[in-house]
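In: Quick one, fold the following:
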Amino acid sequence: MSSYIEQLDEVMKIAVSNPSLIWLHEDDTINEVYRIFGRKDNPAANLSTWTSVDCLHRFMISEMHRAVMNRRDEWFKSCTEETFVMWYISKDYRPTIKEGYDRLKYLNTYGQTEFAFNDLIKYPEEPKV
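Out: Here you go, the predicted model:
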């Protein structure tokens, strides 16, 4: 996992310098992930908020991010379920790892909806408030 952690640090530096990133969960994430997901299968989680789905998409297809993600099978077990989820929030809202987990379960149960989705190309329109 050391090569993953080294690369993750570089990707996170790029993310943090991105003006489209609003917030990044930086608390004791691993203990929270273990509490919610359990200690099986080496779970990992990243929680962030962005100005738009398109901005997140541009970051995710960046060269550095793609290079790391292309190697994910070296560090993580292959999953048959979705492992990435998005949903709309207000700009000042800070989601929790538990909320992300619940949205991910919803996505895996019901598929793409306004409540939980992960298609970076064809995603639901943001609800009008």
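In: Which of the three states applies to the nearest residue to Asn18 once chain neighbours are set aside?
Out: Using C-beta to C-beta, 6 or more residues apart in numbering and skipping the chain neighbours, the partner closest in space to Asn18 is Phe59 (5.9 Å). Just so you know, the C-beta spots here come from the backbone N, C-alpha and C atoms, and that holds for glycine as well. Under DSSP: H, G, I helix; E, B strand; the rest coil, Phe59 falls in the helix class.
In: Show the contacting residues for Phe59.
Out: For Phe59, the contact set (C-beta atoms under 8 Å, 6 or more residues apart in numbering) comprises 14-15, 18, 20-21, 50, 65.
In: Kindly recompute the last result at 10 Å.
Out: Applying C-beta atoms under 10 Å, 6 or more residues apart in numbering, we find Phe59 in contact with 11, 14-15, 18, 20-21, 48, 50, 65.
In: where does it land on pLDDT?
Out: With respect to pLDDT, Phe59 has a value of 95.
In: quick revisit: now list the buried members of the contacts of Phe59.
Out: Buried members of the contacts of Phe59, counted by 16 or more other C-beta atoms under 10 Å: 11, 15, 18, 21, 48, 50, 65.
In: Export those residues to TSV and append columns for secondary structure.
Out: Listed next are those as TSV, based on three-state DSSP:
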residue	secondary structure
Val11	helix
Ala15	helix
Asn18	coil
Leu21	strand
Ser48	strand
Trp50	strand
His65	helix
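In: returning to that earlier point: and which of the contacts of Phe59 is nearest Thr96?
Out: Nearest to Thr96 among the contacts of Phe59 is Ser48, at 12.7 Å by C-beta to C-beta.
In: Much appreciated, bye for now.
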